[in-house]
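Trainee: Generate coordinates for the sequence data below:
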Amino acid sequence: VESCEAINHYIGCIPYRKKNTHHPIAYTPDFFVKMHHGEVLDHALLHASMLLQMQQRAFVCLGTTLARQPHAWVGTFENDGSVCFWEPYLGSKSYRLPRRFAHPEFVV
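Mentor: Sure thing, here's the model as predicted:
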């Protein structure tokens, strides 16, 4: 996998499946890959791990959908000072917020 877009596509190809448990539990990225399926948080953790391996400033973001369901996605701080949010369901960057941390100290 050679680019952030390729990582996003790879993560999006792994099937989503709810766990049969009453307690919230997240798979570690290596276990998730072995299981070949998982919930949204599992996808986000693997996604962020792969981006971190590529020296990206990646973070797992937790929130809810418009339907008030728990959701997770990945946010990255880009070198131009923007913040990008990655959503594997869509297979691309979902949102790009320009100049969110444009202080010269933080822009590489």
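Trainee: Stretch 6-17: how far from the chain's middle?
Mentor: Averaging C-alpha positions (CA atoms, centre = their mean, to the nearest Å) puts stretch 6-17 10 Å from its chain's average.
Trainee: and residue 101, that one's in a helix?
Mentor: No: assigned with DSSP: H, G, I helix; E, B strand; the rest coil, residue 101 falls outside any helix and is coil.
Trainee: Pretty sure it sits against residue 77.
Mentor: Yes: using CB atoms under 8 Å, residue 101 is in contact with residue 77, at 6.5 Å. C-betas here are computed from N, CA, C, even on glycine.
Trainee: hey, what's in contact with both of the two?
Mentor: Counting by CB atoms under 8 Å, 6 or more residues apart in numbering, the residues touching both residue 101 and residue 77 are residue 83.
Trainee: Look at the two and report which has more neighbours.
Mentor: More crowded of residue 101 and residue 77, by other CB atoms under 10 Å: residue 77, with 18 against 13.
Trainee: Now do the contacts for that one.
Mentor: 57, 83, 100-101, 106.
Trainee: if we go to 7 Å?
Mentor: Contact partners of residue 77, counting by CB atoms under 7 Å, 6 or more residues apart in numbering, are 57, 83, 101.
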